[in-house]
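Trainee: here are the coordinates; sequence isn't available:
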């Protein structure tokens, strides 16, 4: 009788553990399937998305994560293009771009100096990237072999215009379809962060 109780208790414990594991897996799958991609285009709320006063409602990037981006939209900036995309099926992911044009040469020069002070980190080779977006020169690059890229660039034409781009994710791949949320002209040449991309396989030792 005692042996039967012990065996029964052991089997019950195993069943409970298996149920818990499958339950957690089910929650993860359900959460991923029901989490919505949040897309914002209202530049009036820029500081709530990315700036110093960013709001948890919009994902709130970690401190320093988007240091390349301006802290605020100043009166000297004319915003030509903006999008902020946040998705968190399990880990936060961001796809963001901002293009501003300056009418004031002094303000433009000041921002360029700030960006050049940040510098351009080595980025070629990460996620199959081979170079800058065509027609642009990078002036600032915060690259990470795990998290992706945040960079700023200016057009080769010499216009007083700056484009800021943030593609931030983890686990060596991006769940989002980058081509759906990012303009092709802003992408680094060769960028590939799709599931099972060559760089992911390399980093995972496959």
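Mentor: Perfect, thanks for sending it. Remember, predicted model here, so these are calculated numbers, not experimental data. Residues are numbered from 1 along each chain as shown.
Trainee: Show me where this protein has its strands.
Mentor: 38-40, 77-87, 93-102, 136-144, 148-155, 161-168 (DSSP state E).
Trainee: List the residues that contact residue 185.
Mentor: 133, 134, 135, 136 (C-beta atoms under 8 Å, 6 or more residues apart in numbering). The way it works is simple: take the backbone N, C-alpha and C, and place the C-beta from them, glycine included.
Trainee: excluding its backbone neighbours, what's nearest the second one?
Mentor: If you skip the residues right next to it in sequence, residue 134 has residue 189 as its closest partner in space, 6.8 Å away by C-beta to C-beta, 6 or more residues apart in numbering.
Trainee: And for the last one?
Mentor: Once its chain neighbours are removed from consideration, residue 136 has its nearest residue in residue 153; the separation is 4.1 Å (C-beta to C-beta, 6+ apart).
Trainee: Go through the helices and strands of the chain and name the one with the lowest mean pLDDT.
Mentor: The helix or strand of the chain with the poorest confidence is helix 2-34; it has a mean of 55 (mean pLDDT, DSSP states H and E).
Trainee: does the residue positioned nearest the centre of the chain have beta-bridge partners, and which?
Mentor: Centroid-nearest residue in the chain, with C-alpha atoms, centre = their mean: residue 168, separated by 1.9 Å. Beta bridges link residue 168 to residue 94, residue 148, judged by DSSP bridges.
Trainee: please begin residue numbering at 787 from this point
Mentor: All right, first residue 787 from here; so that's residue 954.
Trainee: before we move on, the earlier item: any idea which of the contacts of residue 971 is closest to residue 943?
Mentor: Lowest distance from residue 943 to these (C-beta to C-beta) belongs to residue 921, with 7.7 Å.
Trainee: and that closest one, what does it touch?
Mentor: By C-beta under 8 Å, 6+ apart, the contact list for residue 921 reads 941, 942, 943, 971.
Trainee: at 10 Å instead, please
Mentor: 939, 941, 942, 943, 971 (C-beta atoms under 10 Å, 6 or more residues apart in numbering).
Trainee: Could you dump the strands of the chain into CSV and include mean pLDDT and distance to residue 984?
Mentor: Output for those, formatted as CSV (pLDDT from 0 to 100; distance: least, C-beta to C-beta, whole Å):
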stretch, mean pLDDT, distance to residue 984
strand 824-826, 94, 28
strand 863-873, 96, 23
strand 879-888, 96, 20
strand 922-930, 97, 17
strand 934-941, 97, 15
strand 947-954, 96, 17
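Trainee: so how far is residue 879 from the closest residue in space to residue 986 that isn't next to it in sequence?
Mentor: With C-beta to C-beta, 6+ apart as the criterion, residue 986 has its nearest non-adjacent residue at 3.8 Å, and that residue is residue 958. According to C-beta to C-beta, to the nearest Å, residue 958 and residue 879 sit 12 Å apart.
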